[in-house]
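# Generate coordinates for the sequence data below:
(one chain, ligands or ions: 2)
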Amino acid sequence: MHFPKSVRLYEVGPRDGLQNEPEIVPTAVKIDFIERLVAAGLRDIDVTSFVSPKWVPQMADHGEVMEGITRKADVSYSALVPNMRGLEGALRARADEVGVFVSATEEFSQKNINCSIGESFQRLEPVVAAARAGGVRVRGYVSCVLGCPYAGDVVPAQVVPLAKQLFEMGCYEVSLGDTVGVGTALQVQNLVEAVGSAIPVENIALHLHDTYGQAIANAFAGLQMGIRVFDSSVAGLGGCPFAKGASGNMATEDMVYLCEGLGIETGVDMAALLAAGRYICAQLERPPMSKVALALNARRL
Ligand code: HMG
Ligand code: MG
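Ligands and ions are numbered 1, 2, ... in the order given. So this is what the prediction gives:
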């Protein structure tokens with residue numbers, strides 16, 4: 001089996017993780033958390049989202065968080081944006097990159113952003129163009145690629161045209177989101193094969209939630225298919241407030257452990273990553289969901 005020399009881990013804990021917490025995490029804690037993730041070696045950080053605070057109050061301090069971080073030149077600080085207003089906020093906050101998101105099902109599109117899939121593309125087309133005109137990279141997400149909490153099964157034929165449209169619109173990378181974490185390895189391989197026939201596989205990332213405990217197996221399946229970019233979240237934080245039953249993301253610790261075992265470089269220092277996870281879990285007053293973090297933290301004691 002041929003594995004790559006390195007992979008890029010895209011840390012979504014501060015955004016995907018903290019958007020789903022019942023309590024609003026103080027701004028100063030978010031900033032500290034992000035700086036600890038950077039200190040652990042992560043170079044792509046999804047910092048926040050410029051979405052409506054009425055919909056997601058946990059991200060209402062987006063501007064303050066972006067402003068408060070001490071930036072490092074070799075780190076990309078990104079923000080999710082749902083519309084032009086969100087983009088304007090992200091540009092004012094000097095985001096290095098923005099993420100736009102669509103859904104593979106009409107049902108989730110309505111729940112998440114209150115419009116149809118077609119309307120979401122109409123809304124996003126000028127957003128992507130304006131971001132690029134402002135010199136900001138755009139990443140596209142497709143949610144519910146392996147299943148939807150409202151519509152049930154999703155097949156690759158639903159996802160392929162959406163990924164293609166995002167890529168052709170100007171997204172440099174399309175992250176395929178198993179939002180509810182229901183997918184299994186063969187499904188991932190079939191999906192990557194199908195999407196990879198429409199856009200280059202090097203422009204595809206996987207965003208795997210771990211609800212059914214399949215995220216790391218699914219990431220391995222993706223690695224075998226040539227995927228080199230994986231979204232993950234320290235301590236396995238995460239979820240979407242509009243996806244019923246969804247739990248956290250693939251834990252960054254789990255992915256780093258897998259990669260270390262396969263001889264794949266991630267650039268991440270496990271001890272510093274564990275410390276960042278312990279920091280945020282202490283703030284949230286609960287243990288990490290990462291089995292690797294639980295095992296290594298126990299050994300440390
Ligand atoms: P809407 O209610 O249909 O739109 O929401 P609206 O234009 O009528 O706006 C409603 C209110 O929000 C208005 O305020 C707007 O001004 C304001 P009011 O006039 O009532 O006082 N507003 C905004 N405020 C701040 N920033 C903005 C903004 N836009 C409008 N950008 C909207 C439509 C898209 C805004 C709303 O549905 C929304 O914000 N949704 C966000 C949902 C969200 O954040 N979901 C989680 C992220 S996606 C995810 O987690 C999946 C992912 O991880 C991948 C995966 O797992 O699959 C990426
Ligand atoms: Mg997500």
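# residues in contact with residue 35?
69-70 (Cβ atoms under 8 Å, 6 or more residues apart in numbering). C-betas here are computed from N, CA, C, even on glycine.
# Ok, residue 146 next?
By Cβ under 8 Å, 6+ apart, residue 146 lies in contact with 154, 178, 180, 182-183, 187-188, 191.
# which of those lies closest to ligand 1?
residue 178 (7.0 Å; Cβ to the nearest ligand atom).
# Bridged to the closest one, which residues?
residue 208 (DSSP bridges).
# quick one: it and residue 113, what's the gap?
18 Å (Cβ to Cβ, to the nearest Å).
# Quick one: name the residues of this structure near ligand 1.
Neighbours of ligand 1 within the chain, by Cβ under 6 Å from any ligand atom: 16, 19, 49-52, 54-56, 80, 82-83, 85-86, 101, 112-114, 141, 143, 177, 179, 207, 209, 240, 242.
# Residue of the stretch 101-250 of the chain closest to ligand 1, please.
Here the residue of the stretch 101-250 of the chain nearest ligand 1 is residue 177; by Cβ to the nearest ligand atom that distance is 2.4 Å.
# That residue reaches residue 142, doesn't it?
Yes - using Cβ atoms under 8 Å, residue 177 is in contact with residue 142, at 6.2 Å.
# These two: who's more crowded?
residue 177 (28 against 25; other Cβ atoms under 10 Å).
# would TSV of the contacts of residue 146 with secondary structure and distance to residue 129 be doable?
Converted to TSV, those look like this (DSSP: H, G, I helix; E, B strand; the rest coil; distance: Cβ to Cβ, whole Å):
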residue	secondary structure	distance to residue 129
154	coil	28
178	strand	29
180	coil	31
182	coil	34
183	coil	32
187	helix	33
188	helix	31
191	helix	28
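# Any idea how far apart the tips of stretch 164-180 sit?
22 Å (Cα to Cα, to the nearest Å).
# which of the residues in it are buried?
Using 16 or more other Cβ atoms under 10 Å as the test for burial, stretch 164-180 gives 165-167, 169-171, 173-180.
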